[in-house]
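Novice: whatever this is, show me its structure:
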Amino acid sequence: MKHILNIIAFIICSMFIQSCETDITVDLPNPEQRIVVEGILEPGKLVSVFLSYNAAFFAPLDTNELLKYTVKNAIVIVNDGVKIDTMKEALPGIGYIYVSNGMIGTIGRTYNLTVIADGKTVTARTTIPPPIALDSVWFRLQEFTDTLGFAWGHLTDPDTLGNNYRWLARRIGKDKDFVAPIGSVFEDKFINGKSFDFGYNRGKSINSEAEDDKNEEEGFFKVGDTIIVKFCTMDREHFEFWRTAETQISNNGNFFGSPSTIKTNVKGGLGIWGAYSPTFDTIIATK
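Specialist: Numbering: from 1, shown residues only. Down below sits the predicted model:
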């Protein structure tokens, strides 16, 4: 009898839940077309920038459609206070990638960007700050495993308030590029002038198909890995871009997450025109 009553209760609850369901159609308006800037400068590297247009949330993203979003025939000017350079399309007729004519990133210089395309003008500026190196780096095993762990570093923050940092890492022979974990950026608001240890998990590349991102090794470095740590300083606006971008990524699909706007230093457009000043260290992951 008890079993039958449970079944009846389940059926009644199911009918109640179904009766409360309502199909909702959300008609999202098409956004205003805006230029999206993606430019990261580093010391000793040729100055370049990626330019595209924004897309509607549910816009198709196949190869043919993506070409419609590239910015072609733009006038792109960068001024570092010493030289004014008109950048050129790396792929003539396709646009998207614009490169300077020999301008190299230099520590201490401020880079002003101006983009003119389709009657729109966007501007941005960023400064390459001095680098701040880690004192030491190492690999540490987690307690529940004898092969997996995190990468650690020791930092002595200078006694000058306003330093902003980002951590990225790359495994030789496994990662194509440097990968930043969620929470990769931090500031010295509460650590100014202090010396401390901190650790990071292994970041995951976007749309990664790596086998170790699909099993218990996800997020961990492993004994035998050779890890190159890229530790960067950046200006405040560049820091705010990555801080808010990572917050948005963390909140994606989280019912309890608060919506956030990704901050930009691009006036008249979207994206980031930012600079890193990196230092590099190597970790051999051993027990």
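Novice: what's the per-residue pLDDT of residue 157 here?
Specialist: Looking at residue 157, its pLDDT is 98.
Novice: my error: substitute residue 144 in the last question.
Specialist: 89.
Novice: that one and residue 274, how far apart?
Specialist: 38 Å (C-beta to C-beta, to the nearest Å). Bear in mind the C-beta positions are built from the backbone N, C-alpha and C, glycine included.
Novice: which of these two has more residues huddled nearby?
Specialist: Taking other C-beta atoms under 10 Å, residue 144 and residue 274 do not tie; residue 274 has more neighbours (28 against 6).
Novice: measure the nearest residue to that one once chain neighbours are set aside to residue 106 for me?
Specialist: Distance criterion C-beta to C-beta, 6 or more residues apart in numbering; nearest residue to residue 274, sequence neighbours excluded, is residue 238 at 3.4 Å. Per C-beta to C-beta, residue 238 is found 16 Å from residue 106.
Novice: tell me which of those two has more neighbours.
Specialist: Taking neighbours as other C-beta under 10 Å, residue 238 and residue 106 compare with residue 238 leading, 26 against 15.
Novice: quickly find the element holding the more buried one.
Specialist: helix 236-251 (DSSP states H and E).
Novice: residues near the nearest residue to residue 219 once chain neighbours are set aside, how many?
Specialist: Closest residue to residue 219 apart from its sequence neighbours, by C-beta to C-beta, 6+ apart: residue 201 at 4.6 Å. By other C-beta under 10 Å, 17 other residues sit near residue 201.
Novice: pLDDT value on residue 201, please?
Specialist: For residue 201, pLDDT reads 97.
Novice: next up, the contacts around it.
Specialist: Residues near residue 201 by C-beta atoms under 8 Å, 6 or more residues apart in numbering: 150, 181, 219, 220.
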